[in-house]
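# Here is my input, please return the structure:
(2 chains)
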2 protein chains.
Amino acid sequence: MEVRKAKSLGFCFGVKRAIRLAQSKPGGITLGSLIHNPNEIARLKNDYNVDVCEEVSEVPQDSEVIIRTHGIPKDDLKKLYFKTQNITDATCPFVTKPQQICEEMSKKGYQIIIFGDAQHPEVKGVLSYSLTPALVINDIKTLQNQIIKERVALVSQTTKKVAEFLKIADFLICQCTEVRVFNTICNATFDNQEAARELSCEVDIMIVVGGKNSSNTKQLFSICKEHCKDSYLIEDETEITKNWFFGKKICGVSAGASTPDWIIDNVIKKIESI
Amino acid sequence: MEVRKAKSLGFCFGVKRAIRLAQSKPGGITLGSLIHNPNEIARLKNDYNVDVCEEVSEVPQDSEVIIRTHGIPKDDLKKLYFKTQNITDATCPFVTKPQQICEEMSKKGYQIIIFGDAQHPEVKGVLSYSLTPALVINDIKTLQNQIIKERVALVSQTTKKVAEFLKIADFLICQCTEVRVFNTICNATFDNQEAARELSCEVDIMIVVGGKNSSNTKQLFSICKEHCKDSYLIEDETEITKNWFFGKKICGVSAGASTPDWIIDNVIKKIESI
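Now for the predicted structure:
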């Protein structure tokens, strides 16, 4: 099977930085998964004894804590400081940005609207920085039933699709006197998306590698599906099924921003051997 | 010929206000046409002796001056105050708004982008309030060749189409860190546009009445043309040609925001008699 790699795929700047920081604190603890990739989390545990706690209450007193790339809610951070002073902030700077915007804009009286998945840790973190009740919406339909103020500030979860973000912005522009639009969608995500879109148009089958709870991986998968109906989302090479490749000649490979190179390499080797 | 009037047409709030103000200052002078309708300007001259000067230099010392609905450039206003203190501001409040926004946003360091026709008096006025060089763009193509800063503020000429404004906003949102979008498109214009769109879908011929240099009238005409190929733009009933109505049953009538009722009535009478 011929394999073509997307021009841009895998680890983004924020994930690379977070992993470097976690590796520099062996024996440390992350509050929630550092990144959304179970295999890489297992490697950090294996090679660097970096553990995961799901709740602040579980974090041992005075332990070495690493804040996950997605950031954490403001209140959790406060509670954490009562437990330990050894905190390394691996929040992606592109996530810190919307957190700051929410704080500043809510202070200035703008209604905060966050385009994102309310259950995603990044969004929970960003939301916590608004000093006034904010709206989290995942699609334009949800927005249509809401009370919208005259002056709003709009931010996005970093991994959302630009086209959807623009639909939300357009809706608000028609409703409001002023909309402050902060395009907080991450370029790296965008580059991976563009490369995946391009590649998925020219192959017979498309494999997207990444965590199944990773927002940006799910976006990539949905883009590939649009252009190549035989698209599959896998976490690693063990999920590959030979049947998928029956009658196919060229296989495209893309990977989410939290997928390490070693997993991508394993996947490619496995496909090439088919 | 059966005539159907658009649900919303003709004079908007700002025009009604301006005419009321002009009529309260008989013998006054407007700097440029008060509104874009030659017939109504002729009536003001006839009935109230309200004259038009094209340049500040032509305005006689200490005369009674009425500022046109479209507003005038800041510098002209300054010069005018050296000539006379008898100034009545008939600038539409919906035009004063983008003037203030340009001043305030340019003061705060935002690059000002005005969506509008650079030759239109309203846009010349709005532009003059920006303290830094501003961009005036009439379509998205013009924007693509420009240097856009990280933080921009976007306003619109009051009579522009919302759909076009959103295209510009979307383009900027993809380019910039922050876009402050001020929807300064006038609702009255929008109501007339919606009513014209609706009506033009259900008639055989569409007559749009208004000044040929009136921006909102031209917009109405372009909307009608989209849905009813037999659409005509006229300034008054004398321009009506019988041939247009050959084989037609229902005629729709819309009118720009600066078209007085008496002209609309004359047009309808003429069509009904065909």
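# For A:Cys53, give its distance to A:Gly14.
Plainly put, A:Cys53 is 21 Å away from A:Gly14 if you go by Cβ to Cβ, to the nearest Å. Where C-beta positions appear, they are placed from N, C-alpha and C, glycine not excepted.
# Could you check how many residues crowd around A:Gln61?
A count of nearby residues for A:Gln61, using other Cβ atoms under 10 Å in any protein chain shown, gives 7.
# Can you check the pLDDT for the residue lying closest to it once chain neighbours are set aside?
In space, A:Gln61 comes closest to A:Lys83 once its chain neighbours are excluded; the distance is 5.7 Å by Cβ to Cβ, 6 or more residues apart in numbering or on different chains. The model reports A:Lys83 with a pLDDT of 94.
# Pretty sure A:Ile264 sits against A:Phe11.
No: if you go by Cβ atoms under 8 Å, A:Ile264 and A:Phe11 don't touch, sitting 9.3 Å apart.
# First residue to last residue on stretch A:205-215, what's the distance there?
22 Å (Cα to Cα, to the nearest Å).
# try stretch A:125-138
Start-to-end span of stretch A:125-138 (Cα to Cα) is 16 Å.
# Show me where chain A has its strands.
Along chain A, the stretches classed as strands by DSSP state E are A:2-5, A:29-31, A:51-53, A:65-67, A:87-89, A:111-115, A:135-137, A:151-156, A:178-182, A:205-209, A:231-234, A:250-255.
# those helices in chain A, which residues are they?
All helices of chain A, identified by DSSP state H, fall at A:13-23, A:38-48, A:74-83, A:93-107, A:121-128, A:140-144, A:162-175, A:187-200, A:215-227, A:261-272.
# Quick check: which of those helices is buried the most?
Highest mean neighbour count of the helices of chain A: helix A:121-128, a mean of 24 (counted as mean count of other Cβ atoms under 10 Å in any protein chain shown).
# what's that helix in contact with?
A:32, A:68, A:70-75, A:91, A:95, A:98-99, A:102, A:114, A:116-118, A:134, A:136, A:155, A:157-159, A:215 (Cβ atoms under 8 Å, 6 or more residues apart in numbering or on different chains).
# Buried members of these into ChimeraX, please.
Of these, the buried ones can be selected in ChimeraX as follows, counting by 16 or more other Cβ atoms under 10 Å in any protein chain shown:
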select /A:32,68,70,71,72,73,74,91,95,98,99,102,114,116,117,134,136,155,157,158,159,215
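# which bits of chain A sit near chain B?
A:162, A:165-166, A:169-170, A:173-174, A:176-183 (Cβ under 8 Å from any Cβ of the partner chain).
# farthest-separated two in those residues?
A:Val162 and A:Thr177 (24.6 Å; Cβ to Cβ).
# which residue lies farthest from the center of chain A?
Here chain A reaches farthest from its C-alpha mean at A:Gly247, the gap being 33.8 Å by Cα atoms, centre = their mean.
# how near is A:Thr88 to A:His36?
A:Thr88 is 19 Å from A:His36, by Cβ to Cβ.
# Same check on A:Gly256?
On the measure of Cβ to Cβ, A:Gly256 and A:His36 end up 8 Å apart.
# Next, show the common contact partners of the two.
Jointly contacting A:Gly256 and A:His36 under the rule Cβ under 8 Å, 6+ apart are A:210-211, A:214, A:217.
# Out of these, give me the one that has the most neighbours.
Neighbour-wise, the shared contacts of A:Gly256 and A:His36 (other Cβ under 10 Å) top out at A:Gly210, 30 neighbours.
# Might you report the residue contacts of that one?
A:36-37, A:216-217, A:220-221, A:233, A:235, A:255-259.
# would you turn these into JSON lines with pLDDT?
JSON lines is the format used below for these (pLDDT from 0 to 100):
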{"residue": "A:His36", "pLDDT": "89"}
{"residue": "A:Asn37", "pLDDT": "89"}
{"residue": "A:Asn216", "pLDDT": "88"}
{"residue": "A:Thr217", "pLDDT": "93"}
{"residue": "A:Leu220", "pLDDT": "94"}
{"residue": "A:Phe221", "pLDDT": "96"}
{"residue": "A:Leu233", "pLDDT": "97"}
{"residue": "A:Glu235", "pLDDT": "95"}
{"residue": "A:Ala255", "pLDDT": "97"}
{"residue": "A:Gly256", "pLDDT": "93"}
{"residue": "A:Ala257", "pLDDT": "90"}
{"residue": "A:Ser258", "pLDDT": "87"}
{"residue": "A:Thr259", "pLDDT": "93"}
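# Nearest to chain B among these?
Proximity to chain B was ranked across these by Cβ to the nearest Cβ; first place goes to A:Asn216, at 18.0 Å.
# Could you find the closest non-adjacent residue to A:Arg43?
That would be A:Pro260: by Cβ to Cβ, 6+ apart, it lies 7.5 Å from A:Arg43.
# Find the nearest non-adjacent residue to A:Thr91, please.
The nearest residue in space to A:Thr91 (Cβ to Cβ, 6+ apart) is A:Gly71, at 4.1 Å.
# picking that back up, quick one: neighbours of the residue nearest to A:Arg43, just the number.
Neighbour number of A:Pro260 under other Cβ under 10 Å is 20.
# What of A:Lys249?
10.
# from memory it sits against A:Asp230, does it?
No: at 11.9 Å, A:Lys249 does not count as touching A:Asp230 under the criterion of Cβ under 8 Å.
# Would you mind listing the residues touching both of those two?
A:Asp204.
# hmm, back to that, just name the most buried of the strands of chain A.
Note that of the strands of chain A, strand A:205-209 is the most buried (mean count of other Cβ under 10 Å), with a mean of 28.
# Can you list the strands that that strand pairs with?
Paired neighbours of strand A:205-209 in the sheet (DSSP bridges): strand A:231-234 (parallel), strand A:250-255 (parallel).
# And the contacts of A:Gly210, which is closest to B:Glu58?
A:Asn216 (63.8 Å).
# Please give me every residue in contact with that closest one.
Listed by Cβ under 8 Å, 6+ apart, the contact set of A:Asn216 reads A:158-159, A:186, A:189, A:192, A:210, A:256-258.
# Let's see that with 10 Å instead.
A:12, A:15, A:36, A:157-160, A:186, A:188-190, A:192-193, A:210, A:255-259 (Cβ atoms under 10 Å, 6 or more residues apart in numbering or on different chains).
# any idea how far it is from A:Leu44?
In terms of Cβ to Cβ, A:Asn216 sits 19 Å off from A:Leu44.
# try A:Tyr129
Distance check for A:Tyr129 against A:Leu44: by Cβ to Cβ, it reads 27 Å.
# Also A:Pro260?
In this view, A:Pro260 and A:Leu44 are 10 Å apart by Cβ to Cβ.
# Residues in contact with both of the two, list them for me.
A:19, A:35, A:37.
# ok, the last one touching A:Arg68?
Just to be clear, that refers to A:Asn37. No: A:Asn37 lies out of contact with A:Arg68 (Cβ atoms under 10 Å); the separation is 11.9 Å.
# Overlap in contacts, those two.
Residues touching both A:Asn37 and A:Arg68 (Cβ under 10 Å, 6+ apart): none.
# For A:Leu77, which non-adjacent residue is spatially closest?
Nearest residue to A:Leu77 in three dimensions, chain neighbours excluded: A:Ile67, at 7.5 Å (Cβ to Cβ, 6+ apart).
# A:Ile147 touches A:Leu135, doesn't it?
Yes: if you go by Cβ under 10 Å, A:Ile147 and A:Leu135 touch, sitting 9.0 Å apart.
# In contact with A:Gly28: list those residues for me.
Taking Cβ under 10 Å, 6+ apart, we find A:Gly28 in contact with A:21-22, A:34, A:44, A:48-51, A:63-66, A:86-88, A:90.
# so which of the residues you listed comes closest to A:Ser273?
A:Leu44 (28.2 Å).
# Distance check, the closest one against A:Ala257.
Distance of A:Leu44 to A:Ala257, given as Cβ to Cβ: 16 Å.
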